[in-house]
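**Q** Here is my input; please provide its structure:
(one chain, ligands or ions: 2)
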Amino acid sequence: MDDPFVTCPYNACHRVSRSRIQAHLVKCQKNYPKLDICPYNATHRMSSDEMKQHVKICTNRSSFFLKEKPLVTGAISTPKRILQKEYLPETDPNHEMWDD
Ligand SMILES: [Zn+2]
Ligand SMILES: [Zn+2]
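**A** Ligands and ions are numbered 1, 2, ... in the order given. All right, here's what the predicted structure looks like:
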C-alpha cells in the first residue's frame, strides 16, 4: 500500500521513487511551466488554483499546526492534566478558531 513511487506533478508519465522526487523536481521544473510549491511540503506542486485548495487539506499541514499549538495555549503548561480534569471544549477560548 505504501507506494515508494510518486507521480511527478509536472508530468504524470514520470514515476519517481519517493527518495528521489525532490532531486527530480529540481530538474523537471526547468522543463515545464512554473507550479506553486506547497508551503508544507516542497514536493507538493500544482497550479495556484489547485494550491489554494491543497493548502487547506495538505497531509503535511497537521504537523505544522501541532508545532504551533503550544504557542496558542502558551499559558497552559500542563495541557494533559487540564484535559483530564476540567477541559471543556465549549469554554475553550481557542475552540471557536477551529470551528469553521
Ligand atoms: Zn518529472
Ligand atoms: Zn502539501
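**Q** how about the helices in the protein?
**A** Assignment of helices within the chain using DSSP state H yields the ranges 21-28, 48-57, 61-72, 79-85, 95-98.
**Q** If you average pLDDT over each of those, which is lowest?
**A** If the helices of the chain are sorted by mean pLDDT, helix 79-85 sits at the bottom with a mean of 51.
**Q** How about the residues of this protein by ligand 1?
**A** Within the chain, the positions adjacent to ligand 1 are 8, 10-11, 14, 28 by CB under 5 Å from the ion. C-betas here are computed from N, CA, C, even on glycine.
**Q** For H44, which residues are in contact?
**A** H44 makes contact with 9, 37-38, 54, 58, 60 under the criterion CB atoms under 8 Å, 6 or more residues apart in numbering.
**Q** er, Y10 I mean
**A** Counting by CB under 8 Å, 6+ apart, Y10 makes contact with 25, 28-29, 31-32, 35, 45.
**Q** Filter the residues you listed down to the buried ones and hand me the PyMOL line.
**A** In PyMOL, the members of the contacts of Y10 classed as buried (16 or more other CB atoms under 10 Å) are selected with the following command:
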select buried, resi 25+28+29+35+45
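**Q** Within reach of ligand 2, which of the contacts of Y10 are there?
**A** Near ligand 2, taking CB under 5 Å from the ion as the test, no member of the contacts of Y10 is found.
**Q** out of the contacts of Y10, which one sits closest to ligand 2?
**A** For the contacts of Y10, the minimum distance to ligand 2 (CB to the ion) is 8.9 Å, reached by R45.
**Q** who touches that closest one in this structure?
**A** 9-10, 25, 29, 35-38.
**Q** Check N41 too.
**A** Applying CB under 8 Å, 6+ apart, the residues contacting N41 are 58-60.
**Q** Please consider this matter closed, and thank you.
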